[in-house]
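# give me a 3D structure for the following:
(one chain, ligands or ions: 2)
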Amino acid sequence: MSVQPITSRSFGDQIAGASLAEFWHPVAHVSEVGDQPTAFSLLGERIVLLRDADGVVAFQDLCIHRGVALSLGSAEGGVLTCAYHGWKYDRTGACVHIPQLGEGGAIPRKARIRKYQAVEKYGLVWVALEEPRCDIPSWPEDMWEAPGVHGHSILPKEWRANAGRATENAADLSHLNFVHRDLIPLQDGPVIHEHVVEPTEYGLRSMYRDGPVSWEWQIHAPFTVFAKKSGLAPAGEAGGSTGGFEQNVMCWAAFHSPVDEHLTRIFYASCRNYSLDVPDAEYDGKLVGLVFDQDQVIVESQRPEHIPVELREELHLKVPDAIALGYRQLLSRLSRVGPYLP
Ligand code: FES
Ligand code: CO
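Numbering: from 1, shown residues only. Ligands and ions are numbered 1, 2, ... in the order given. The predicted structure is shown next:
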C-alpha cells in the first residue's frame, strides 16, 4: 500500500489562515445541472450553474443591472439571458447584449457578472469562490480512477446542520454501536482501540482495526471524509466479515457542502474492487440511505449548531475521540468566518 507523504508537523499546517472560500466545495450532483440555469448556494453565496458545449460554468446568481437572480433566466448555447430586462452574458461573464440599447449599442465595460471556477469530478460539480489553496480531494491511492474498481455516487442528502458537525459525525467511530447498532456496528464492540491520528498535507489520517477489517480514515480539509475498508465479506454474505477477504477493498466518501451555516448538502460516493456484479443499490445504496437517516436526527439536534473548534469546549475522550480532536485542531487553523467557524 502506498503511503501519502506526511509533510505537516501539526494539524492544519498547510491550510493555516485559509478561509472556507479558498477551497473547492461540491455544490451539485452532475445530474442536477443542465443547459438551463439552476440556482444553488455555497457558503451563503447564491450561485447559478449551467452547462454548455465546453462544460459546466458557475456565476454569482446576481445580474449586475438590478440584482435579479440569473437562475430565473434562460440560456442558449451557453449565453445566459436575464429574466428581467434581457441582458445577455457569455461564458466569461461579459455582457454581450443589452436589448434596450439596440444593435451596436455601446455596452458598458463594467457590465459583467462574477464568474467562479467550476469543474466536474467524481460525478459532482465543484466550485471555488476564491482562488483555491488545495486541489479537489483525491481518493486514497486514487482508487476512484483505478482499473478493476467500480464507483458510484448518489443524489445528495440535505441536513439542517453545520458542515463541520456533519463531517465530524462521518468520521466518528464511537457512535457506530449506538446510532447504527442494527446496521453497521463495530464487530469488536463499543470499546475503541488505541489508534494513531497523524497530520497529512491534506488534513489527517488514521488507521483502525476492527476484527478482520482494516480501516483507513482520511479527513481532507475542510469537509471531506474518506473511509477505506479492506477485508469485507462479499455483498450479501450475512454476519459481516470473518476474515479471508483481505483483497476486498471498498472506499466511501462523504463530501460535505456548506450551503450556509445551517444547511449542509452531503454527497456520498463509494468505489469497490469486489462484488462488481451486485447492483449499487443492493451493495450500499439502500444501506447508506438508512444510515444517513439515523445520523441526521442526531446531528441536527447538536447545539451549538457550529462545531466548537476550541478544545476546551465540550468534553473529549483521548482515545475514542482522537480523530475528532485532530479535526477540531485542523479547523482551528482556518481563518474564522463568522458563523461557520466562530
Ligand atoms: Fe438583469 Fe435588468 S436586472 S437585465
Ligand atoms: Co453515522
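# who touches stretch 97-112?
Outside of stretch 97-112, the residues within contact range by C-beta atoms under 8 Å, 6 or more residues apart in numbering are Ile64, His65, His85, Gly86, Trp87, Lys88, Tyr89, Thr92, Gly93, Ala94, Cys95, Val96. The C-beta positions use only the backbone N, C-alpha and C, and glycine is treated the same way.
# 7 Å - rerun?
Residues outside stretch 97-112 that contact it (C-beta atoms under 7 Å, 6 or more residues apart in numbering) are Ile64, His85, Gly86, Trp87, Lys88, Gly93, Ala94, Cys95.
# so which of those wins on neighbours?
Trp87 (25 neighbours; other C-beta atoms under 10 Å).
# ok, that residue - contacts?
Counted by C-beta under 7 Å, 6+ apart, Trp87 has contacts Cys63, His65, Cys95, His97, Ile98.
# check contacts around the second one.
By that I understand His65. Contacts of His65 by C-beta under 7 Å, 6+ apart are Cys82, His85, Trp87.
# please apply the same query to Leu232.
Leu232 sits next to Val213, Ser241, Phe245, Asn248, Met250 when contact means C-beta under 7 Å, 6+ apart.
# was I right to think the first one contacts Ser241?
Yes: taking C-beta atoms under 7 Å as the definition, Val213 is a contact partner of Ser241 at 5.6 Å.
# so what sits against both of the two?
Counting by C-beta under 7 Å, 6+ apart, the residues touching both Val213 and Ser241 are Gly231, Leu232.
# give me the element Gln294 is part of.
helix 286-300 (DSSP states H and E).
# what's next to the helix or strand just after that helix, contact-wise?
Downstream of helix 286-300, the next assigned helix or strand under DSSP H and E is helix 322-332. With C-beta under 7 Å, 6+ apart as the test, helix 322-332 has contacts from 11-12, 164, 168, 171-172, 195, 197, 203-204, 206, 217, 219, 221-222, 307, 309-311, 316, 341.
# coming back round to it: among the contacts of Leu232, which are located in strands?
Val213, Met250 (DSSP state E).
# so among the contacts of Leu232, where is pLDDT lowest?
The lowest pLDDT within the contacts of Leu232 belongs to Ser241, with 76.
# okay, now it: neighbour count?
20.
# ok, it to ligand 1 distance?
According to C-beta to the nearest ligand atom, to the nearest Å, Ser241 and ligand 1 sit 58 Å apart.
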